[in-house]
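Student: my questions concern the predicted model and sequence given below.
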Amino acid sequence: MTILLLADHDGHTLGDATARAVSAARDMGGAIHVLVAGENVGPIAQVAANVSGVDKVLVADDPALAHLLAEPVADLLVGLSADYVAVIAPATSIGKDILPRVAARRDVMQVSDITRVIAADTFERPVYAGNAIETVQSTDVLKVVTIRSSAFDAAPQGSVAAPVESVSLPARAWKARFVSEELTKSERPELTSAQIVVSGGRGLGSAQAFQTVLAPLAECWHAAIGASRAAVDASYAPNDLQVGQTGKIVAPELYVAIGISGAIQHLAGMKDSKVIVAINKDPDAPIFQVADFGLVGDLFTLVPELVRALG
Amino acid sequence: MKKILVPIKMVLDANVRPRVKADGSGVDLSGMKLSINPFCEIAIEEAVRLKEKGLAEEVVAISIGPAKAQDILRQAMAMGADRARLIETDRPIEPLTAAKLIRIVVEEENPDLVILGKQAVDDDCNQTGQMLAALLDWPQATFASAVAVDAGTLHVTREVDGGHQTLALPLPAVVTTDLRLNEPRHCSLPNIMKARKKVLDITPVANCGLDMAARLNVLGVKPPEPRKAGRRVANVSELVRDLRAAGVI
């Protein structure tokens, strides 16, 4: 009864999503092995070994795994999966890309984006942009599951490091080839793990307003910046800041929606936040229906005032 | 390339608020507006644009669903798909089964490229494209925000968590679409009329000879926990006071 968990990392650091997926794995029960695949990922494996609840770390260090492309990583997981009852991963862009490939190769149905573990084979997951919660039971021999990070707390650092073992990737000619990547550099905390998220919508009116109005508030709180799809579509903010059904799902301690009307697709990405604040000039905006604290008025006056009040 | 296959799905219209049935068996679809899944519409648009650029000769749309799904196939043809195929079934289909059915069509049609939506906005699974690529042993590029073809190689820019990643894939390949890939066109009346005359081939799912048994038992569907009603604050200082009292700042 051992679960294999594919670690999420960017080549340098272990993503917070991995420790959250460890919590989901603990809820499923059984031993937990974490697979760290990549190139020169020894240090990341050491970090994974220190996450409480991890029983063993497998390291697959291979240039072919450098960018965690779906074909080689799926091959690796399929090869290892015979020894496991479940293969799981955080529902990040890496996990979502790779795990269905593993599931199909093993002829099992994946359970995507779970928010709760009921039993080792039974899970809750949101459907229809979170407007319904489905309870599903997998009848397959191997469970393949992706974990919605925001629904689980990160497992803490443990006191004893788990053993680290090397595994090798069988060589094969994979077809897709990495060309380049452009990662957004930011001093701010990562959107999906930040304690506070400050999000802007179409009401901001420009990309510049994200810098002049939103950024000072985010700096006050050391918060991550998010955006609604409308703001992304209008090019006020890059897509990797998008919060919503098809963007990032967040559940911070505090979510501040500024100039966001609150379309259901946006609510799907943030409505599990602990405290929600809405600042909007339209008193009838649907965002106020989910906000704990609503402030009606002009954001261009209110947000700078808030920054001053926080001093 | 000669042919692009675009699998599309009919779903509850994205602008309709889903209602969970009182008996907890699912979301009520009776009498509701059903439409093409938004990501699938983007997939059709991208395939048609590739054809219009002279990079593909034929675009074939395919759907798996009830007879009513012919509507979205006609829409796909009005957008510019050359012909369509429906695998008709009234039962809900899991992504793994959908991928297996599409594989059968791929083996008949031999497309150079399959473009499909990254997820359907009903079950939010985000699986079918990756599963199809695995079953065919084809390369995949998921969550595409830009697609270019150069000397038989596909260059796909993908939306990843930290930004963008670009992959090069030999054909045949599977691409799944993200929202920013394109903005689908509106269908003109003449194109809608023309689409009525295009070929729409219907195959009953039973003819595919596939084991359709569901692998996931849906034990129940419930509405999400409602949030406690919030309240309006009069001004910024009241907001700061309340946030401090709530212990979040």
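Tutor: Ah, there it is.
Student: helices of chain A, start to end?
Tutor: Listed in chain order, the helices of chain A (DSSP state H) span A:16-28, A:42-49, A:70-81, A:93-105, A:207-209, A:215-221, A:229-233, A:264-267, A:287-290, A:299-310.
Student: quick one, which of these is packed in tightest?
Tutor: Neighbour counts (mean count of other Cβ atoms under 10 Å in any protein chain shown) averaged over each of these peak at helix A:93-105, with a mean of 27. Using the backbone N, CA and C atoms, a C-beta is placed for each residue, glycine as well.
Student: what's the angle between it and helix A:70-81?
Tutor: Per axes from the mean of the first three to the mean of the last three Cα atoms, to 10 degrees, the angle that helix A:93-105 makes with helix A:70-81 is 60 degrees.
Student: put the alpha carbons of helix A:93-105 into CSV.
Tutor: Listed in CSV are the C-alpha atoms of helix A:93-105, where the atom choice follows Å, rounded to 0.1, in the frame of the first residue of the first chain:
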residue,chain,number,x,y,z
SER,A,93,0.7,22.7,-15.1
ILE,A,94,3.2,19.8,-14.8
GLY,A,95,0.9,17.4,-13.1
LYS,A,96,-2.0,18.2,-15.4
ASP,A,97,0.2,17.6,-18.4
ILE,A,98,1.7,14.3,-17.4
LEU,A,99,-0.7,12.3,-15.2
PRO,A,100,-3.4,11.7,-17.8
ARG,A,101,-0.7,10.2,-20.0
VAL,A,102,0.2,7.8,-17.3
ALA,A,103,-3.4,6.9,-16.6
ALA,A,104,-4.1,6.1,-20.3
ARG,A,105,-1.0,4.0,-20.6
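Student: that one close to chain B?
Tutor: Yes - using Cβ under 8 Å from any Cβ of the partner chain, we find that helix A:93-105 touches chain B at A:93, A:94, A:96, A:97, A:98, A:99, A:100, A:101, A:102, A:103, A:104, A:105.
Student: farthest pair in these?
Tutor: A:93 and A:105 (20.0 Å; Cβ to Cβ).
Student: ok, and residue B:186, which helix or strand is that part of?
Tutor: Applying DSSP states H and E as the criterion places residue B:186 outside every helix and strand.
Student: neighbours around it, how many?
Tutor: 8 (other Cβ atoms under 10 Å in any protein chain shown).
Student: quick revisit: any chance of the residues of helix A:93-105 next to chain B in TSV, plus pLDDT?
Tutor: Below are the residues of helix A:93-105 next to chain B laid out as TSV (pLDDT from 0 to 100):
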residue	pLDDT
A:93	96
A:94	98
A:96	98
A:97	98
A:98	98
A:99	98
A:100	98
A:101	98
A:102	98
A:103	98
A:104	98
A:105	98
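Student: what residues sit buried inside stretch A:166-178?
Tutor: A:167, A:169, A:175, A:176 (16 or more other Cβ atoms under 10 Å in any protein chain shown).
Student: check the offset of stretch B:22-31 from the chain's centre.
Tutor: 22 Å (Cα atoms, centre = their mean, to the nearest Å).
Student: does it reach chain A?
Tutor: Yes - for stretch B:22-31, a contact with chain A is found by Cβ under 8 Å from any Cβ, at B:26, B:27.
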